[in-house]
Structure formats: C-alpha cells, structure tokens
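Engineer: Below is the sequence, then the predicted model.
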Amino acid sequence: MRIEKDRCVCCGECIAVCPVGAIRLRKKDKATGAKAVAEIERDECVECGACFRYNICPENAIAEEALAWPRILRKAFSDPVYTHEGTDIPGRGTEEMKTNDVTGRFKDGYVGIGLEFGRPGIGTRFREAEKAIKKLVPLGVHLEPNNPLTQLIANPHTGELKPEILDERVLSTIVEAIIPLDKFQQVMAAVREIAAEVDTVFSFDVIGKVAPDGSIPAAQEMQKAGLTPSINGKVNVGLGRPSFPF
Amino acid sequence: MSHTLHRCGKHDDLKNDFVVFCMSAKTVNVKGSGAKMRRFFEILRKYPAVNFGDVKTGSRFNSDWQTIHDGYKDQSVAHYVFSDAAAVGEILKELKQADLGVSVIVSGVFDRVEELCRQAGLKMHTVEYSGGVMGKTERLPEGPVLAITTMCGHGLVSANLVQKMATQVKKGKKSLAEAAADLAKPCMCGIFNVERAERLLMELS
C-alpha cells in the first residue's frame, strides 16, 4: 500500500483504520519545504488493504501496488480477499473442522491444534511462527499439508522456513497440526515454551470430534493440561454428507 | 481460517451472538456447491439477521444481499449473524429438512448451540475451542475493545478505530448504530455483530 504524497491533505483520517498502526503523520519539513503528509511505514505495513477498502481518504490518495516475492506474502496472509494459490481458499488457514463431517479429517482419538500467530490484532513476522514449527516438528506432529504456512517450510526435518520470508510481517499466520490424543500433554508443554519465547501473541485453538456418547475427549485433555476450554467456539452440526463411513 | 473463533467476552455478552455459515469441502463436494450456498443464503434470509456476507463480495455494511447472493461460487463460504437464538433453532430445523449435503457450522456459546442442535434433532459433530491468547498478551487492548476487534477474525477492525468511534459517540458526533456500522465495514465476511458492538461501544463511551 502507499499514500500518494501529492494528493494527501494530511487530514489524518486514515490513521485509525490501519489494524497494525502502520500509518503515521510526517510533519512539514522546514528545511526542504516538503508538506506534511500521512505515510505508510513500509516495513510495518502488512498489505491487508483495509485502508484502501474503507474508502476513508477524501482525496483517494491511498493506492494498492503490485507486490513481488516475498512481499506478496504479506497480502496473502493479511488480506482475506486474496486467495492462496496453494490452498485455493481465501484467508490464512484451511477448511479444518468446518468440513469434518464430510472429510473425516479429525477422527476419534485425534485432536487438531492451531497456533495463530499475530492474532488478535498485533501482527507477526514469519520468524515467530518458525519458532513454533521448529519446536513441534521434533515431537513428530503432523503439520497440515494444505496450510499455506506449511507450504513455506524449507526443511521439513527441522521446521525451518524459507530464509527470505522470515522478516515479512503479516496480520496472522497459523501453525496447524493433527496429533494423537495421547500426545496432547507433551505438545501442550511445548506450546507453553513457545509462548514464553515469541515476540508477539498467538491465539491457540483445539479441535475435537464429539464422541458417540456426547463427550468431547479434546476438552478433557485441555482441562488435564490446565487449560479452560472456551465457553464459545465453533460447532460443525453434522449436516454435511460424509464422503466415507467414519 | 478460524475466523469466527476467539470472539472474546463473558457468557452474558456472548449468549446472543451466533454466526451460522456454510462451506463445501474442496476435495469432496465442491462441484456445484455455489448453488447450495445460494439456497442456504435464501433460507436464512427469512430470519431477522444482524449481518451477512461473503469475503469476496462483502457484507451487509459494504455491499447488498443480491450482489452477495449472486456472487456465490463453488468455493464460497456463506455467512449470517443472528442475535436471536430461537431463529437459529428454526434455521437448523429448516437446513436439516433442506438436506443440502454441505457442511453447516454454528459459532456461539457451546451450551446454547448444543441445546439448539438437540431441539433440531441434530448432534454436534466436531467442535473447536479457543485455548486463549498466549505470548506477549500485555500488548492487547482493554476488554471491550478486544471484544469488538475479535468479531472480525481476520483482524481487519483496528483497536484504534474502535477507540475513535467510542470517542465520536461520547462527543455526540455519531450514534451508537452509526459507529457500530462504521466498525463493521472493514470486516469483509459479514461476521461482525453490530448489535453486540453497540452494547460494547456504550461501555466504552
């Protein structure tokens, strides 16, 4: 994103719209005579497009620009209107539990976890998510192959991401994995270590299939780990037609 | 894409906040699902909604029903937001009858959603919990601000915009409804609950 200086009237209306606070006012430069303008800090901007779409600028000075690799990743992981080429899904994640009644992706005895780096509202560099991947890979967790972040892993044995992307900043990116229920406590210990090491926030989520007796083993594992399952969340109500018996 | 998860708040605040949405599985039943999304959207239209939308065409606050309806394609995800639990219960019954074959997800307070499923003759199939926020949580904004911003799971509603709207309400420059509608605009999926936002803005102003 950029603000065209010639058009900007420095009203400041765009500043509050930016989810990551990347728009600042630059005072008039007395030495050069350059007028006061609003500027987008290029390194902080996540290319989400919120400032452009909100239509806040009275002079239409906010413009999108063509992005090259690796900066294009900022848009791919921040602008939900953008569809990932790898997943063919808008947004940063996958279908996860939303289609589980059809796909059977999460079966009895397994639990899904997600660590969404940068959410809520703080943003992240990919190097923070890499810390989590490097911690989880040695535990043998199955990272979701369709997740767009998984597709940026350079070394699947160590969890290292492609080096040129590490400093790219995005609104959020999700580390998604499926683990056997009996590994949950071990993985939770790693998640706590990750929380202590990262320089951002992450929202943590847990997915579980409801057992035939109505119990939810994933919630029981969360409690065992000292985590309180949230009072609210997502429910797949089972109206999808299963693709196979599970 | 857990965009409807992690809505922060207490039970009393969240108990009337429901997102109902519909999605096909890319590897299984995506072909022809655009028509099913449109059917889903038509069924839900009969009930009093707070918001609706699709990430590609926008929401009630930056597009219109017909444009969104006509824009549904096989990969689309159709969303509706309700504040009325009874309406959600009736919707689940009608969707069961319609037997679209694609997945339907309800985000809300679990005890209420489970009861609505039971009343509709459905059983919860798979659930997703929030395990909270970890890491540098000291960087997060205060409670009501966070409760508003987390209604856009893609993070497009900024905390600074919430503060700005609260200030404008306090100064009498905007009504609560106008401020909430302005906050809903960046949320492209149409999952932002403006009625809840009004209540939270009142707390802030």
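Structural biologist: Received it, and whenever you're ready, just let me know what you need.

Engineer: Can you list the helices and strands that the lengthiest helix in chain A packs against?
Structural biologist: The longest helix of chain A (DSSP state H) is helix A:184-197. In terms of contacts (3 or more Cβ pairs under 8 Å, 6 or more residues apart in numbering or on different chains; DSSP states H and E), helix A:184-197 is packed against strand A:110-117, helix A:126-136, strand A:201-209, helix A:217-224, strand B:126-135. For every residue, glycine as well, the C-beta is placed using N, CA and C.

Engineer: Burial check on the closest residue to B:Asn16 other than its chain neighbours, number of neighbours?
Structural biologist: In this structure, B:Asn16 finds its nearest non-sequential neighbour in B:Ser83, 4.7 Å apart by Cβ to Cβ, 6 or more residues apart in numbering or on different chains. Neighbourhood size, B:Ser83 [other Cβ atoms under 10 Å in any protein chain shown]: 18.

Engineer: One more: B:Thr149?
Structural biologist: B:Thr149, neighbours per other Cβ under 10 Å, totals 25.

Engineer: State whether it and B:Asn160 are indeed in contact, as I suppose.
Structural biologist: No: B:Thr149 lies out of contact with B:Asn160 (Cβ atoms under 8 Å); the separation is 9.8 Å.

Engineer: Identify the residues contacting the closest residue to A:Val111 other than its chain neighbours.
Structural biologist: Once flanking residues are discounted, A:Val111 sits nearest to A:Ala218: 4.5 Å by Cβ to Cβ, 6+ apart. Contact analysis of A:Ala218 by Cβ atoms under 8 Å, 6 or more residues apart in numbering or on different chains lists A:111, A:181, A:184, A:206-209, B:127, B:129.

Engineer: Which phi and psi values does B:Asp54 adopt?
Structural biologist: phi -150, psi 140 (degrees, to the nearest 10).

Engineer: Look at it and report its pLDDT.
Structural biologist: Looking at B:Asp54, its pLDDT reads 95.

Engineer: Surely it and B:Lys73 touch.
Structural biologist: No: taking contacts as Cβ under 8 Å, B:Asp54 lies outside contact range of B:Lys73: 9.2 Å.

Engineer: Please identify which of the two sits among more neighbours.
Structural biologist: Taking other Cβ under 10 Å, B:Asp54 and B:Lys73 do not tie; B:Asp54 has more neighbours (25 against 14).

Engineer: that older thread, with distance to B:Met188 as extra columns, can I get the helices and strands packed on helix A:184-197 in TSV?
Structural biologist: Shown next, in TSV, are the helices and strands packed on helix A:184-197 (distance: least, Cβ to Cβ, whole Å):
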stretch	distance to B:Met188
strand A:110-117	18
helix A:126-136	23
strand A:201-209	19
helix A:217-224	30
strand B:126-135	21
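
Engineer: any chance of those in TSV, plus mean pLDDT?
Structural biologist: Converted to TSV, the helices and strands packed on helix A:184-197 look like this (pLDDT from 0 to 100):
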stretch	mean pLDDT
strand A:110-117	97
helix A:126-136	98
strand A:201-209	98
helix A:217-224	97
strand B:126-135	98
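
Engineer: Distance of the residue lying farthest from the centre of chain A relative to A:Lys5?
Structural biologist: In chain A, the residue that sits farthest from the middle, by Cα atoms, centre = their mean, is A:Ala31; the gap is 42.6 Å. A:Ala31 sits 17 Å away from A:Lys5, going by Cβ to Cβ, to the nearest Å.

Engineer: What is the neighbour count of B:Glu94?
Structural biologist: Using other Cβ under 10 Å: B:Glu94 sits among 14 other residues.

Engineer: Likewise for A:Asp205?
Structural biologist: Close neighbours of A:Asp205, defined as other Cβ under 10 Å, add up to 26.

Engineer: pretty sure it contacts B:Val127?
Structural biologist: No: under the criterion of Cβ under 8 Å, A:Asp205 is not in contact with B:Val127, lying 10.4 Å apart.
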